[in-house]
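S.K.: can't give you the sequence, but here's the structure:
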């Protein structure tokens, strides 16, 4: 429709010009001694317009000719960019599809086309990593570093992730530290840091990062609790034999994290082994009275020294609420035996065995009988313990 309108307009213009020229009888005299030329005004106007148009066309042709090399360069550059973009897009798609060989090839093409070279190099490094080609992985990471201004944080995150996957935790930590120096320690980096610190056995850092992730809701409580427990257990294990260090560490643990019975039991055992039974006793009492735990109650008798009668009285109060707890009965038997309350000790051991037959209770009862000179009963109790051992 637009072309038709243009044609109609041109036709109308031509008709109008023709009519106008038909009424024009003027002429133009051109004198250039010794020549003289006389032209009709209409022919002169047509000649001038034609000359102008011809000159314009010639100038455009010269301009286009001069611009041709640059146009060719721009065309080639545009085609190169299109090829690079297409190669990068295909490389990313193939990387997610698991076609790592093709992804590496297309990422290399994209890099050669200088289309987002840093990103292309990182895609190639990931593909090489999944192909277990360590040499090419390192080469591509180095090439990415050459264009660091484009993707500094992306390069460091990629390096850290690939090093973690290869269990090269020291190198991963170096990359994460460099990222933090640049102010780029975000949630994804914290998750990687958590894996790195676990791999290196840096349990204080595990606690710190786990708490940060939990605070930012990047780690659920169900996931954070076992992580923090593991870190505390490893830290307690690292301080075994040093009662002062164990006490200092335990007091530094936040109150809500100390409430975990498993952790309290580990701390109590470590303190008992380090010779600080009094502190272990307080830990057990606080935890058991806050939340009942049979394992902790069983450890109560192992806290040597102090007021044994007081511990017996406290344990008997616990027994009023938990009369069927075999471990508590065994602990009471041990405490009574320590206090030379032979009859009560025997009663508690036998009550524990009546609820749950255990090797420890049989051995304790055998030792009590031997101490009292009741050899036959002692031997029978030892035989019962041995039978349980064989069954187990």
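M.R.: Received it, and whenever you're ready, just let me know what you need. All values reported here derive from a predicted model rather than from experimental measurement. Residues are numbered from 1 along each chain as shown.

S.K.: mind showing which ranges of this structure have poor pLDDT?
M.R.: Low-confidence regions of the chain, defined by pLDDT under 70, span residues 1, 6-7, 9-29, 37-48, 68, 71-77, 79-81, 182-185, 392.

S.K.: how many other residues sit next to residue 285?
M.R.: The number of residues packed near residue 285 is 17, by other C-beta atoms under 10 Å. Just so you know, the C-beta spots here come from the backbone N, C-alpha and C atoms, and that holds for glycine as well.

S.K.: show me what contacts it?
M.R.: Contacts were defined as C-beta atoms under 8 Å, 6 or more residues apart in numbering; by that measure residue 285 touches residue 314.

S.K.: ok, 10 Å please
M.R.: For residue 285, the contacting residues are 296, 300, 303, 311, 314-315, 318, taking C-beta atoms under 10 Å, 6 or more residues apart in numbering as the criterion.

S.K.: what does residue 96 give?
M.R.: Residues counted as contacts of residue 96 (C-beta under 10 Å, 6+ apart) are residue 103.

S.K.: now residue 193
M.R.: Taking C-beta under 10 Å, 6+ apart as the criterion, residue 193 is in contact with 160, 164, 172-173, 176-177, 179-180, 185, 202, 205-206, 208-209, 212-213.

S.K.: for residue 89, same thing?
M.R.: Under the criterion of C-beta under 10 Å, 6+ apart, the contact list for residue 89 reads 106, 110, 115.

S.K.: need the strands for the chain, in chain order.
M.R.: Using DSSP state E, the strands of the chain run over 27-32, 35-40.

S.K.: contacts only, for the residue nearest the centre of the chain.
M.R.: Compute the mean C-alpha point of the chain, and by C-alpha atoms, centre = their mean the closest residue is residue 191, 3.0 Å away. Residues in contact with residue 191 (C-beta under 10 Å, 6+ apart) are 161, 164, 209, 213, 218-219.

S.K.: circling back to that earlier point, from the contacts of residue 285, which ones fall inside helices?
M.R.: 296, 311, 314-315, 318 (DSSP state H).

S.K.: could the contacts of residue 285 go into JSON lines alongside neighbour count?
M.R.: Formatted as JSON lines, the entries for the contacts of residue 285 read as follows, by neighbours: other C-beta atoms under 10 Å:
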{"residue": "296", "neighbour count": "23"}
{"residue": "300", "neighbour count": "24"}
{"residue": "303", "neighbour count": "24"}
{"residue": "311", "neighbour count": "21"}
{"residue": "314", "neighbour count": "18"}
{"residue": "315", "neighbour count": "22"}
{"residue": "318", "neighbour count": "19"}
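
S.K.: now for the residues you listed: which two are most distant?
M.R.: Considering C-beta to C-beta, no two members of those lie farther apart than 303 and 318, which are separated by 14.3 Å.

S.K.: re earlier: in helices, which of the contacts of residue 193 fall?
M.R.: Mapping the contacts of residue 193 onto helices (DSSP H) picks out 160, 164, 172-173, 176-177, 179-180, 205-206, 208-209, 212-213.

S.K.: between those residues, which is nearest residue 236?
M.R.: residue 206 (13.7 Å).
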